[in-house]
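1. let me see the structure of the following:
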Amino acid sequence: MEMINVVNDWTWVREHAEKMIKEDDQLENDVLAIARKNRIEVINIIELYHEGLLLGQESTEEEGKYLSFKDWFYGFFQF
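-> Numbers count the residues shown, from 1 in each chain. A predicted model of the protein is given here:
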């Protein structure tokens, strides 16, 4: 997993995650499956990513770096 440059801004996080989901059919299918399984909206999964980003930036030495949405999603939900 590679750390990417991220912006601690809800709009940026939402756009980043939505772009990754739209560009990757497998990721989109997996995100939708998790959302259905847990009876939540996709935006709730993106909110979890944002929370992880906030916590991750507090604990990492690389300021402004975090996992991409895709890497975070597959690590968090352990596919």
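2. what sits against the residue nearest to Glu28 when sequence neighbours are not counted?
-> Using CB to CB, 6 or more residues apart in numbering and skipping the chain neighbours, the partner closest in space to Glu28 is Ile21 (5.0 Å). Every C-beta, even on glycine, is put in place using the N, C-alpha and C of the backbone. Contact analysis of Ile21 by CB atoms under 8 Å, 6 or more residues apart in numbering lists Leu27, Glu28, Val31, Val42, Phe69.
3. for these, which one is nearest Val7?
-> Phe69 (12.8 Å; CB to CB).
4. check the closest one and give its pLDDT.
-> Phe69 is assigned a predicted lDDT (pLDDT) of 96.
5. same check, this time on Val6
-> Listed pLDDT for Val6 reads 88.
6. so Val31 versus Val42, what's the distance?
-> Noted for Val31: a distance of 6 Å to Val42, by CB to CB, to the nearest Å.
7. those two: which is more packed in?
-> Val31 (21 against 15; other CB atoms under 10 Å).
8. between the contacts of Ile21, which is nearest Met1?
-> If you rank the contacts of Ile21 by distance to Met1 using CB to CB, Phe69 comes first, at 11.9 Å.
9. mind listing what that closest one touches?
-> Taking CB under 8 Å, 6+ apart, one finds His16, Ala17, Met20, Ile21, Ile46, Tyr49 in contact with Phe69.
10. hmm, back to that, which of the helices or strands spans the residue nearest to Glu28?
-> Under DSSP states H and E, the secondary-structure element containing Ile21 is helix 10-23.
11. C-terminal to that helix, what's the next element?
-> The helix or strand immediately downstream of helix 10-23 is helix 25-38, counting by DSSP H and E.
12. for that following helix, the distance to its chain's centre please.
-> The chain centre lies 13 Å from the centre of helix 25-38; the measure is CA atoms, centre = their mean, to the nearest Å.
13. alright, calling it a day.
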